[in-house]
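Sequence and computational prediction follow.
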Amino acid sequence: MEIVVDGSQVLVTSIVVWFLGASINRKVAFLDRYSIPVAVTGGLICSTLVALAYVFADWKISFDMAMRDTLLLIFFSTIGLTAKLRLLKEGGKALALLLLIATFFLVIQNVTGVLLIKSMGQHPAYGLFGGSVSFAGGYGTAIAWGGVAEEAGLKMAKEIGIAFATFGLIAGGIIGGPVGEFLIKRQKLKPLPDSDAAAPLEKISGDEATAVLAPPISSVLGTIMLLAICVGAGDLVNKMLFSHGVTLPGFLTSMMVGIILTNGADLLKVELSDTALERGGELSLQLFLCMSLMSIQLWTLTQAIGPILIVLGAQIVVMTAFATWIVYRFMGRDYDAAVIASGFTGLGLGATPVGIANMNALTSKYGPSPKAFLVIPLVGAFFIDLVNALVIKFFVALPIMAPAISQAPT
């Protein structure tokens, strides 16, 4: 029997999944101790229950993800609306340095995947799908390159790429928190005293809770209007660029519109509600992650589970070591660097929203990190995709890859 969950049912289910994750995190000490995002906990429990229903009751439950895709656009619109040029100028050095570090990591990720797959007696091109194509690239890149690889003779490249991307999404949400926790506790790190302005609406410290007054309804409605403009105008820009042969992901154009709007408002001395934007971004992020993880069809990943887990385990080790020893050290060896390392773990194995969820889990416990929330979204949402495309093409051009992949995806 096939059951399709769509419309408002998807929203209701995702909210229930979030509360389930929050409840489990409160009751299971190590989940809270290692800052596992609530959406990851609830989403994985839901997808596991769906898989059990499929295996034991022959019920195939699937979810309509149209609302999830809209939430992704809203989330990146909030990123754009908080990316003011004066702040970008302040974080320019850190942004450039993190991009350089990310480029180096993409090469290491691909080398790891290629060597492991080749040692298993498979074509080394499959190793790119066990590298930056699926992990740093995510579903979109895996599907795009998978189609090209299948045309070039790599059987089931698309399915393998999706499987790696799925496990990477899960792994990025699981290990990012522990990486940040390890660095913060071992080095006894604390946020800068002047970072309090960026604190969330509610900040829990021990048994005491302090709350900031919610923004007025005018600010909330104004923020909703701006987000709608970002999504709508971003879609128009995307279609216009596509008609001229330029293909960009929808979330990127929505974010670009947000950047233009917020800096235009800055020039006109019009203040936007940072509090409303922060809450809007967090809500869309949490619901997006819940929907992404609860909809994973785990039973489809069993065909090549052995090699996939071996490669995944190796990439987790590489990522953990890289985030701890390279990202943390080069980004300043302070509290911000630890939060950035946690976020980098999420975006390097799964997706930018996973990295930001990792950082949210840490900062809600220890305090804000404006620097981390400036550089990670920008590197993950835009720059890393461009660099990853160049790195993939470099590896594809190597003689060892011939004749499996000979052209780039369009």
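Arrived safely, thanks for sending. Numbering: from 1, shown residues only.

so who does Pro178 touch?
By Cβ atoms under 8 Å, 6 or more residues apart in numbering, the contact set of Pro178 is 34-35. C-betas here are computed from N, CA, C, even on glycine.

Mind doing that once more with 7 Å?
When contacts are counted by Cβ atoms under 7 Å, 6 or more residues apart in numbering, Pro178 touches Tyr34.

My assumption is that Val179 lies in a helix; please confirm.
Yes: Val179 sits within a helix when classified using DSSP: H, G, I helix; E, B strand; the rest coil.

That one and Val17: what is the separation?
Computed as Cβ to Cβ, to the nearest Å, the Val179 to Val17 distance reads 24 Å.

With Pro353 instead?
The gap separating Pro353 from Val17 is 15 Å, by Cβ to Cβ.

where's Glu159 relative to Ala233, distance?
36 Å.

And Arg333, by the same measure?
Per Cβ to Cβ, Arg333 is found 41 Å from Ala233.

Compare these two and say which one has the larger neighbour count.
The residue with more neighbours, out of Arg333 and Ala233, is Ala233; 18 against 13, by other Cβ atoms under 10 Å.

Can you tell me the closest non-neighbouring residue to that one?
Nearest residue to Ala233 in three dimensions, chain neighbours excluded: Val257, at 4.6 Å (Cβ to Cβ, 6 or more residues apart in numbering).

Mind listing what's buried along the helix or strand containing that neighbour?
Secondary structure assignment for Val257, by DSSP states H and E: helix 250-267. Using 16 or more other Cβ atoms under 10 Å as the burial criterion, the residues of helix 250-267 that qualify are 250-259, 261-263.

In JSON lines, list these along with pLDDT.
Listed next are those as JSON lines, based on pLDDT from 0 to 100:
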{"residue": "Gly250", "pLDDT": "78"}
{"residue": "Phe251", "pLDDT": "79"}
{"residue": "Leu252", "pLDDT": "79"}
{"residue": "Thr253", "pLDDT": "87"}
{"residue": "Ser254", "pLDDT": "90"}
{"residue": "Met255", "pLDDT": "86"}
{"residue": "Met256", "pLDDT": "88"}
{"residue": "Val257", "pLDDT": "93"}
{"residue": "Gly258", "pLDDT": "92"}
{"residue": "Ile259", "pLDDT": "89"}
{"residue": "Leu261", "pLDDT": "93"}
{"residue": "Thr262", "pLDDT": "91"}
{"residue": "Asn263", "pLDDT": "90"}
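
Which of those sits closest to Phe104?
Of all those, Phe104 sits closest to Leu252, with 23.2 Å by Cβ to Cβ.

distance of the closest one from Ile79?
The gap separating Leu252 from Ile79 is 10 Å, by Cβ to Cβ.

Kindly report the same for Ile217.
Taken as Cβ to Cβ, the span from Ile217 to Ile79 is 24 Å.

which of these two has more neighbours?
Shown here are Ile217 and Ile79; by other Cβ under 10 Å, Ile79 has more neighbours (27 against 8).

Contacts only, for that one.
The contact partners of Ile79, by Cβ under 7 Å, 6+ apart, come to 255, 258, 281, 377, 381.

Dump those residues into JSON lines; add distance to Lys93 as well.
Listed next are these as JSON lines, based on distance: Cβ to Cβ, whole Å:
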{"residue": "Met255", "distance to Lys93": "22"}
{"residue": "Gly258", "distance to Lys93": "23"}
{"residue": "Gly281", "distance to Lys93": "25"}
{"residue": "Pro377", "distance to Lys93": "17"}
{"residue": "Ala381", "distance to Lys93": "19"}
